[in-house]
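> fold the following.
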Amino acid sequence: MPFWFWRKKKESKKPADPLAAFDQLIEDLERQGAEVRKSAATLLALKGELTRSVERYSRRIADITERYEVASSRSDVKAMQVLKRDREQAETLLKTTQDSLERVEPDARLLLEAANEVGSRVQELRTERQSASARLVAGTLVSGTMREQVERIEKVLAVDAARDEIERAHQLAEIYREERGAGEKAE
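Now for the predicted structure:
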């Protein structure tokens, strides 16, 4: 790739409006939550299918056992061999299905917990956004009526924005820390 340096680098745009930053983060978290819920629903559907398969294979083994006993009582050696092979296959299928079910259950539970956490975080951000919106409106009114204090208010807003940015960084680090911990527990 000799012309890699001519490619334009995608720049992440930071919203100019502080409320737009909230809206963007809320939108991103909602999208992430939707993906997590979709994945959890897929695993729950798979869990249901695997549970039905376990029941089906269990019934099949019971049926083959009964048929084997009938063939044994009639001394039908060929039928007994076929039924023995069928039972071994059904037992193998039952075992692999049970193993798959054991792997799906904790993953589904973990994804449901993650979806709940993302949903809670979105709700918190919405509440915080409303508060920030009220503060922004009040700040605008005050700055409009008190022109001489505009510089001081802008400095206060910059400090608040810096605090919000630091708090968001701490919260994102905590989310990643929790996800890493949950990932290590799942393994």
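> three-state assignment of S75?
coil (DSSP: H, G, I helix; E, B strand; the rest coil).
> how close does it get to R67?
Note on S75: its distance to R67, by C-beta to C-beta, to the nearest Å, is 14 Å. Backbone N, C-alpha and C define where each C-beta goes, glycine included.
> got it, and E179?
According to C-beta to C-beta, E179 stands 51 Å off from R67.
> those two: which is more packed in?
R67 (16 against 13; other C-beta atoms under 10 Å).
> now the more buried one: which helix or strand?
Using DSSP states H and E, the element containing R67 is helix 18-73.
> same deal with R103?
With the criterion set as DSSP H and E, the secondary-structure element containing R103 is helix 77-145.
> same for that helix, what does it pack against?
Contact here means 3 or more C-beta pairs under 8 Å, 6 or more residues apart in numbering; DSSP states H and E; on that basis helix 77-145 packs against helix 18-73, helix 150-186.
> V118 is nearest to which of the ones you listed?
helix 18-73 (3.9 Å; C-beta to C-beta).
> tell me the angle of that closest one relative to helix 77-145?
Interaxial angle of helix 18-73 relative to helix 77-145 (axes from the mean of the first three to the mean of the last three C-alpha atoms, to 10 degrees): 170 degrees.
> just the angle for helix 18-73 relative to helix 150-186, thanks.
Computed with the same axes, to 10 degrees, the direction of helix 18-73 lies at 10 degrees from that of helix 150-186.
> ok, V54 - how many residues close by?
17.
> returning to that earlier point: packing partners of the helix holding R67?
By 3+ C-beta pairs under 8 Å, 6+ apart, helix 18-73 packs against helix 77-145, helix 150-186.
> worst average pLDDT in these?
Of all these, helix 150-186 carries the lowest average pLDDT, namely a mean of 74.
> how about the contacts made by the most centrally placed residue in the chain?
Nearest to the mean C-alpha position of the chain, by C-alpha atoms, centre = their mean, lies V36 at 2.9 Å. Residues counted as contacts of V36 (C-beta atoms under 8 Å, 6 or more residues apart in numbering) are L111, A114, A115, V118.
> ok so, going back, would you list the helices and strands packed on helix 77-145 in a markdown table and tack on distance to K84?
A markdown table is the format used below for the helices and strands packed on helix 77-145 (distance: least, C-beta to C-beta, whole Å):
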| stretch | distance to K84 |
| --- | --- |
| helix 18-73 | 7 |
| helix 150-186 | 39 |
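> could you say which of these is packed most deeply?
Comparing the helices and strands packed on helix 77-145 by mean neighbour count (mean count of other C-beta atoms under 10 Å), helix 18-73 ranks first with a mean of 15.
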